[in-house]
Structures are given as C-alpha cells and as structure tokens.
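*Asks:* one predicted model, sequence on top.
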Amino acid sequence: MKIAISGAGVAGPCLAYWLLRTGHAPTLIEESPEFRAGGYVIDFWGGGYDVAERMGLLPEILTHGYDVQELRLVKESGARAAGFNAGVFRRLTHDRYTSLPRGDLAKVIFNSVKDRTETLFNESLVAIDDHGDGVSVRLKSGGTREFDIVVGADGLHSNVRRLVWGDQAGFEKPVGFHVAAFDCPDYPHRDEDVYVSYARPGLSVSRYAMRDNRTLVLFIFEDERMKAPLPHDLSAKKALLRDIFGDMGWEIREMLAAMDDTAEIYLDRVSQADVAQWSKGRTVLIGDAAACPSLLAGEGTGLAMTEAYVLAGELAASGGDILAAFDAYEKRLRPFIEEKQKSARAFASLFAPKTEFGIWLRNMATHLMVIPPVADLLVGESVKDDFDLPDYGI
C-alpha cells in the first residue's frame, strides 16, 4: 500500500521502517525545511528500547546516550538539599535504560530509512479526503496525491488530527505546567553525569552537562504564570523566561545570560492528548498525536515507537483489512497507554511543587530512595511497562 505519514520526527520514520519491512511504500511528509536534529534530553527505556533493538539500531543509539548517575536537588546557594542515585531507574528497567537527546535518537532512526523512502520536506497536508477506496490529500505546495492510508505522526498539535478530527482544543488536556528548554556552549558550571535542579513554588530550573562542552537548561513553570498567549517569536520567548524566572536565585542570572546567545528555544504547554478513537476511516494516529502522555512522563518517545511497531504489525497480520488492523492496534495499546497517562499526571507535580511544603515533602521523599521498596513505590509505576511487545514475525 501507499501510506502517507505526516511527521518525520521519531514515530514517523520508525513506522516507515516497519512498513518497508512488510512491503509497503511509505511517504514521509515533514513541514520543516530539513531534518530537525535538536531537542531536549529524553529518558529511553521500555517498549521503545525493545523496538530499537529489533530494528538493529540499539548499539548506535547507545553511543549517543548519557549515563546519568544522580538527580541532585539543590538549595539557592547551590549546596545539595536532596536527591537520589539514578541507578534506581536502571535497576527497575533491568539495565535497559539510557538518556539521550531526542534529536540524536530521531536522526539514527531517520538515517535507517532516508535512502529507501520518499521524504517531502517543507511540506504539509492542507486537505484530506477519504473516498472509501483510498485517500486524496492536497499538499501545501499544490497538487493532489492518492494514498491507501494517511498516518498522523505529527505530534501533540497534530495537523492530521485537526483536519480529520477537528479543533485542537478538544483533544489537548493541560497538565498544569509549561516547559522551556535550550542548550548552550561553555556554561560555567558543570557536574558531569548529574542532573541538577533547583525549585521555588511553581518554578523549577535544571541543567545537565552534555558532550562538546554544551549544557542543557530546562525551565518548568505553572500555567498560572502565563498571562498572555504562548509566544512563538524567539525574542518574545526570551522576554517571557526573563520575566518569570529573573529573580529566582541560584544560577538563574547566568542561565538567562547564556540564553541570550541561543538561536532556538523549545517552549510549550505540558499537555496530554485524549482522542476517543485513534482512527477514522483510512486515517490513523500514532505517538503524541494519538495519546501524548506529556513531556514530563519521560517515556513519550519510546511509547511512540511502540505504537509505530504495533500498527505496522497489525497491518501485516490483517491480510489487507485496514479497518480491522486499526481496531486491533488500538485495542492492544490503549489500556496500556492510558495507564501511562494516569501515572504521568500523578508524577508531574514532583517537577515543580506549587508550595514550599510540597518542595520540602518531595526532598524528604528522595532521601528514602536508597531503600528499594520505597523507590519502587515512588517511581516504579512511572518506569514499569506492563506491555509485552508482540512478535509479528516481521
């Protein structure tokens, strides 16, 4: 079948890989003018880790990974206030766990298909017409293409979902926070293999030392601090972060100074996607477009890869019955994904507690993480994957 995939991030190229394995002809359609390799650092484990292993890409992916040793919570002075050894995550995942820039993961996956599949950059869908026997799509650049299936792998703010399901507002469920991230060179403070974080009520700022003397800086703030629509202009993003974090203390002045020279800042509301049905006719959603668990869940990228693999597997197993494949894909994954979303909502407040007492309580809890049963109780649900990846023989 000819299959249009909107989105060339992680989920789209991963799906393309498995569709090629099963004899289909995918076309990746990406609105960016070129492949986007940037992004924040993600934690990678669970189903996505298993899928990457089946793709034969795990060794290369691990070369981009970081071996985080500690999550350190600090006081305004920079002195350690609390934290825990990150080995708890490796124990809970049987040492099948790494952290790496999202763009590095995306690039490894895209490179595995880029010479074997059509990719249209600087392009997007402006209309989708399902006529029963196929789908006609109209492209931004003009012209119409015919496909057997259209897949929305285009993120939380999915264009495909908007065209087929309706307005974005009906599907985005805010978690209560906004997040911003950038990376910069030559930041003066480095703690190798340590994720360092400082919090005030409703605010959190963190840093992580990366390769090539670069540092990732991550801001989290409660929704109530947003007094205007989300800015998209780079200078407006910088002004917003200065206004919200300017008097926070710790290293914030140095972080904001480092931000002055950055050419890209990721800024978005932390939300989940809640779509009653992941497919309509010959159009289907995967990844954040279908069921974003939220950036704070930590596993969204791996879950998107799991969904891509299962969708391709069910299409292969369906004997050409597209609607049956879509139904089987959703029935197999929805209960698991909904539990992940539930866990993420419960876990989100730990990133930026909204009161001084909440910060104190979180810090006290981390002191108990040295006790395995307590660690399992506090973070086990967010890490555990109660899903056995099917073997479709593909």
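*Replies:* Nice, thanks for sending it over. These figures come from a predicted structure and were not determined experimentally.
*Asks:* how far does the strand or helix carrying Gly103 sit from its chain's centre?
*Replies:* Following DSSP states H and E, one finds Gly103 within helix 102-111. Distance, stretch centre to chain centre, for helix 102-111: 13 Å (CA atoms, centre = their mean, to the nearest Å).
*Asks:* so what does it touch, helix or strand wise?
*Replies:* helix 11-21, strand 41-45, helix 58-63, helix 300-317 (3 or more CB pairs under 8 Å, 6 or more residues apart in numbering; DSSP states H and E). C-beta here means a position set from N, CA and C on the backbone, and glycine is covered the same way.
*Asks:* tell me the mean pLDDT over the following helix or strand past it?
*Replies:* Next along the chain after helix 102-111, taking DSSP H and E as the criterion, comes strand 118-120. Averaged across strand 118-120, pLDDT comes to 97.
*Asks:* what helices or strands is strand 118-120 leaning on?
*Replies:* Using 3+ CB pairs under 8 Å, 6+ apart: strand 118-120 touches strand 25-29.
*Asks:* show me where the stretch 151-300 of the chain has helices.
*Replies:* Assigned by DSSP state H, counting those that start in this stretch, the stretch 151-300 of the chain shows helices spanning 159-165, 234-245, 252-259, 288-291, 300-317.
*Asks:* out of those helices, nearest to Tyr40?
*Replies:* helix 300-317 (10.5 Å; CB to CB).
*Asks:* relative to strand 25-29, how tilted is the closest one?
*Replies:* 150 degrees (axes from the mean of the first three to the mean of the last three CA atoms, to 10 degrees).
*Asks:* helix 11-21 and helix 300-317, what's the angle between them?
*Replies:* Using the same axes, to 10 degrees: helix 300-317 against helix 11-21 is 30 degrees.
*Asks:* name the next helix or strand downstream of helix 300-317, please.
*Replies:* Next element after helix 300-317 (DSSP H and E): helix 322-348.
*Asks:* what packs against the next helix or strand after that next one?
*Replies:* Next in sequence after helix 322-348, counting helices and strands by DSSP H and E, comes helix 356-367. Applying 3+ CB pairs under 8 Å, 6+ apart, we find helix 356-367 packed against strand 70-74, strand 80-85, strand 194-200.
*Asks:* single out the most deeply packed of the helices of the stretch 151-300 of the chain.
*Replies:* Of the helices of the stretch 151-300 of the chain, the one with the most neighbours on average (mean count of other CB atoms under 10 Å) is helix 288-291, at a mean of 29.
*Asks:* what is that helix packed up against?
*Replies:* strand 266-273, helix 300-317, helix 322-348.
*Asks:* same list (these) but as JSON lines, adding mean pLDDT.
*Replies:* As requested, those are arranged in JSON lines below (pLDDT from 0 to 100):
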{"stretch": "strand 266-273", "mean pLDDT": "91"}
{"stretch": "helix 300-317", "mean pLDDT": "95"}
{"stretch": "helix 322-348", "mean pLDDT": "90"}
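*Asks:* mind putting the ones you listed into TSV with distance to Phe89?
*Replies:* Listed next are the helices and strands packed on helix 288-291 as TSV, based on distance: least, CB to CB, whole Å:
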stretch	distance to Phe89
strand 266-273	21
helix 300-317	13
helix 322-348	13
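*Asks:* out of these, flag the one nearest Val179.
*Replies:* For the helices and strands packed on helix 288-291, distance to Val179 was read as CB to CB. The smallest value, 5.4 Å, belongs to strand 266-273.
*Asks:* may I see the buried residues of that closest one?
*Replies:* Buried residues in strand 266-273, defined by neighbour count with 16 or more other CB atoms under 10 Å: 266-267, 269-273.
*Asks:* any idea how far it is from the chain center?
*Replies:* Using CA atoms, centre = their mean, the offset of strand 266-273 from its chain centre is 10 Å.
*Asks:* ok, stretch 16-30 next?
*Replies:* 21 Å.
*Asks:* what mean pLDDT does that stretch have?
*Replies:* 97.
*Asks:* next: stretch 76-95.
*Replies:* 88.
*Asks:* cool, and stretch 226-236?
*Replies:* Stretch 226-236 comes out at a mean pLDDT of 90.
*Asks:* for stretch 369-379, same thing?
*Replies:* 68.
*Asks:* nearest to Glu172, out of the helices and strands packed on helix 102-111?
*Replies:* Nearest to Glu172 among the helices and strands packed on helix 102-111 is helix 300-317; the distance by CB to CB comes to 14.3 Å.
*Asks:* now do that closest one: which elements does it pack against?
*Replies:* Using 3+ CB pairs under 8 Å, 6+ apart, helix 300-317 sits against helix 11-21, strand 41-45, helix 46-54, helix 102-111, helix 288-291, helix 322-348.
*Asks:* not counting sequence-adjacent ones, nearest residue to Thr22?
*Replies:* For Thr22, ignoring the flanking residues on the chain, the nearest one in space by CB to CB, 6 or more residues apart in numbering is Ala316 at 4.4 Å.
*Asks:* rewinding a little: include distance to Val175 when you put the helices and strands packed on helix 300-317 into a markdown table, please.
*Replies:* A markdown table is the format used below for those (distance: least, CB to CB, whole Å):
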| stretch | distance to Val175 |
| --- | --- |
| helix 11-21 | 20 |
| strand 41-45 | 17 |
| helix 46-54 | 20 |
| helix 102-111 | 19 |
| helix 288-291 | 13 |
| helix 322-348 | 5 |
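*Asks:* closest one to Asp67 among those?
*Replies:* Taking these one by one with CB to CB, strand 41-45 is closest: 12.1 Å.
*Asks:* coming back round to it: just say which of the helices and strands packed on helix 356-367 is most tucked in.
*Replies:* It is strand 194-200: most buried of those by mean count of other CB under 10 Å, with a mean of 21.
*Asks:* no more questions from me, cheers.
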